[in-house]
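[1] turn this into a model:
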Amino acid sequence: MKKIIISTGGGDAPGLNAVIYAVVHTCYRKGWEVYGSKNGYGGFIDIDDMVRLTIRDVEGIYSTGGTILGSTNKGNPFAKPVENLAGEVQIVDVSDKILKNFHRMGFDCHIAIGGDGSLDIAHRFAQKGMPVIGVPKTIDNDLEETDRTFGFDTAVSTATEALDKLHSTAKSHNRVMVVEVMGRDSGWIALYSGISGGADVILIPEIPFDMEAVCEKIADNELHEKHYSIVVVAEGAITKEGQNFNKGMGELGRTEVILGGVGEWVASEIRKRTEKDTRSLVLGHLQRGGSPTTFDRLLALRFGAAAVRMAEEKVFGHMVALKNSVMVPVLITDAIKKRKKVTLDNDKIATARDIGICLGDKDTAVL
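    Presented below is the predicted three-dimensional model:
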């Protein structure tokens with residue numbers, strides 16, 4: 001009998017529970033035991049945060065959002081903030097304790113579900129000798145070596161539905177509506193939802209934007225009797241002068257900035273330059289919530305089942321990836337090497353330009 005432990009780390013994404021469901025059911029059919037570690041690596045440190053998972057425990061969870069195990073983006077075991085007796089916070093490495101507990105409890109494999117940060121941690125454990133299999137999870141779709149990550153389709157659907165609803169209110173008041181969406185420094189969510197949601201302007205990190213070009217598009221709408229505009233902005237978008245926007249630094253022990261604020265800045269600039277009534281909206285964590293779409297649900301179930309097959313074949317140190325509609329193992333090191341960006345020769349970029357969407361540069365001609 002094999003003994004598997006699952007963890008979910010980083011930001012949540014629709015489809016996490018579907019992966020857990022698939023792992024538990026696939027293991028059950030093989031006669032294997034499955035455990036879950038609560039809140040990332042919590043179960044590896046404290047036995048009270050470890051739960052046995054049976055098919056009864058996961059009944060029906062494939063259609064629900066969030067994760068029954070809980071998640072955290074502040075649980076890096078290699079740099080864990082710990083408060084000492086004097087009330088001071090220190091950064092300590094508890095990875096050896098986690099590895100010791102993993103072996104002491106008799107686990108054969110750790111299935112780590114997460115994005116690049118969580119998979120980087122999993123890779124570091126693999127280097128220390130832990131049998132690890134990664135499952136790619138991020139709404140940003142920015143992991144290399146996989147065509148899609150689960151959660152992305154749901155996030156795009158949520159953003160697109162919001163844009164659909166904003167058209168009517170923007171048109172009623174002749175307003176410009178600026179919508180900021182997630183995606184970090186990759187523009188996949190903004191591009192997909194912007195095109196599908198009928199945006200007039202889409203600003204993505206891969207194309208530094210010029211406010212003059214943005215305002216020219218809005219003015220062109222006015223000339224053609226369209227007195228409202230929809231602008232979609234990725235949270236990591238930057239100006240042509242190189243200005244980026246953030247709300248401060250990440251949690252203690254990390255240097256990552258918290259992106260945000262570009263939507264309000266763009267709205268303010270449009271207001272000043274065009275004198276149009278302009279409002280901004282940040283979709284934020286709304287994109288992470290809710291039931292996964294059919295696409296994400298099926299993708300997550302496929303990822304979970306494939307991870308167990310890889311465990312059976314002892315393909316450790318690898319991540320399950322979707323390539324050309326097939327599940328394949330890829331090295332975790334290759335998957336986290338760099339973030340996947342929107343390439344400028346992408347067909348979606350060409351589609352946006354062809355149908356008259358401004359991408360914040362001068363390459364899209366007005367009518």
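
[2] now the closest residue to Val176 other than its chain neighbours: phi and psi?
    Closest residue to Val176 apart from its sequence neighbours, by Cβ to Cβ, 6 or more residues apart in numbering: Thr278 at 4.2 Å. Heads up, the C-betas are built off the backbone N, CA and C, glycines and all. Dihedral angles of Thr278 (phi, psi; degrees, to the nearest 10) stand at phi -130, psi 130.

[3] mind listing what Thr278 touches?
    For Thr278, the contacting residues are 175-178, 267-268, 270-271, by Cβ atoms under 8 Å, 6 or more residues apart in numbering.

[4] give me the subset of those residues lying in strands.
    176-178 (DSSP state E).

[5] can you give me the helices in the stretch 151-300 of the chain?
    Ranges of helices in the stretch 151-300 of the chain, per DSSP state H, counting those that start in this stretch, are 152-173, 188-196, 211-223, 262-274, 294-312.

[6] what about the ones you listed, which gets the closest to Gly87?
    helix 262-274 (37.0 Å; Cβ to Cβ).

[7] need the contact partners of the closest one.
    Outside of helix 262-274, the residues within contact range by Cβ under 8 Å, 6+ apart are 176, 178-180, 203, 211, 214-215, 218-219, 231, 233-237, 244-245, 276-282.

[8] give me the buried entries from those residues.
    With burial judged by 16 or more other Cβ atoms under 10 Å, the buried subset of the contacts of helix 262-274 is 176, 178-180, 203, 211, 214-215, 218, 231, 233-237, 244-245, 276, 278-282.

[9] need the buried ones from the contacts of Thr278 selected in PyMOL.
    Applying 16+ other Cβ under 10 Å to the contacts of Thr278, the buried members can be selected in PyMOL as follows:
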select buried, resi 175+176+177+178+267+270+271
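
[10] now distance to Ile121 and pLDDT too, for the contacts of Thr278, in JSON lines please.
    Shown next, in JSON lines, are the contacts of Thr278 (distance: Cβ to Cβ, whole Å; pLDDT from 0 to 100):
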{"residue": "Arg175", "distance to Ile121": "44", "pLDDT": "95"}
{"residue": "Val176", "distance to Ile121": "42", "pLDDT": "96"}
{"residue": "Met177", "distance to Ile121": "39", "pLDDT": "97"}
{"residue": "Val178", "distance to Ile121": "35", "pLDDT": "97"}
{"residue": "Ala267", "distance to Ile121": "37", "pLDDT": "96"}
{"residue": "Ser268", "distance to Ile121": "39", "pLDDT": "95"}
{"residue": "Ile270", "distance to Ile121": "41", "pLDDT": "96"}
{"residue": "Arg271", "distance to Ile121": "43", "pLDDT": "96"}
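
[11] what ranges of the chain fall below the confidence cut-off?
    Residues of the chain that meet the criterion pLDDT under 70 lie in 1, 247-257, 363-367.

[12] how is it divided into domains?
    According to automatic domain parsing, the chain comprises the domains 3-150+292-335, 154-289+343-354.

[13] rewinding a little: most tightly packed of the helices of the stretch 151-300 of the chain?
    Neighbour counts (mean count of other Cβ atoms under 10 Å) averaged over each of these peak at helix 188-196, with a mean of 26.

[14] I'd like to know which elements that one is packed against.
    In terms of contacts (3 or more Cβ pairs under 8 Å, 6 or more residues apart in numbering; DSSP states H and E), helix 188-196 is packed against helix 152-173, strand 176-181, strand 201-203, strand 229-234, helix 347-354.

[15] so how far is that helix off the chain centroid?
    Taking Cα atoms, centre = their mean, to the nearest Å, one finds the center of helix 188-196 at 14 Å from the center of the full chain.

[16] who touches that helix?
    Contacts of helix 188-196 (Cβ under 8 Å, 6+ apart): 139-142, 152, 155-156, 159-160, 163, 181-183, 199, 202-204, 232-234, 237, 287, 340, 342, 346, 348-349, 351-352, 355, 357.

[17] now the angle from it to helix 347-354?
    40 degrees (axes from the mean of the first three to the mean of the last three Cα atoms, to 10 degrees).

[18] using PDB, list the CA coordinates for helix 188-196.
    Extracted in PDB, the C-alpha atoms of helix 188-196 (Å, rounded to 0.1, in the frame of the first residue of the first chain):
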ATOM      1  CA  TRP A 188      -3.500  36.500 -20.300                       C
ATOM      2  CA  ILE A 189      -6.600  37.300 -18.200                       C
ATOM      3  CA  ALA A 190      -6.800  40.900 -19.600                       C
ATOM      4  CA  LEU A 191      -6.300  39.800 -23.200                       C
ATOM      5  CA  TYR A 192      -8.800  36.900 -23.200                       C
ATOM      6  CA  SER A 193     -11.500  38.700 -21.200                       C
ATOM      7  CA  GLY A 194     -11.000  42.000 -23.000                       C
ATOM      8  CA  ILE A 195     -11.500  40.500 -26.400                       C
ATOM      9  CA  SER A 196     -14.400  38.300 -25.300                       C
END
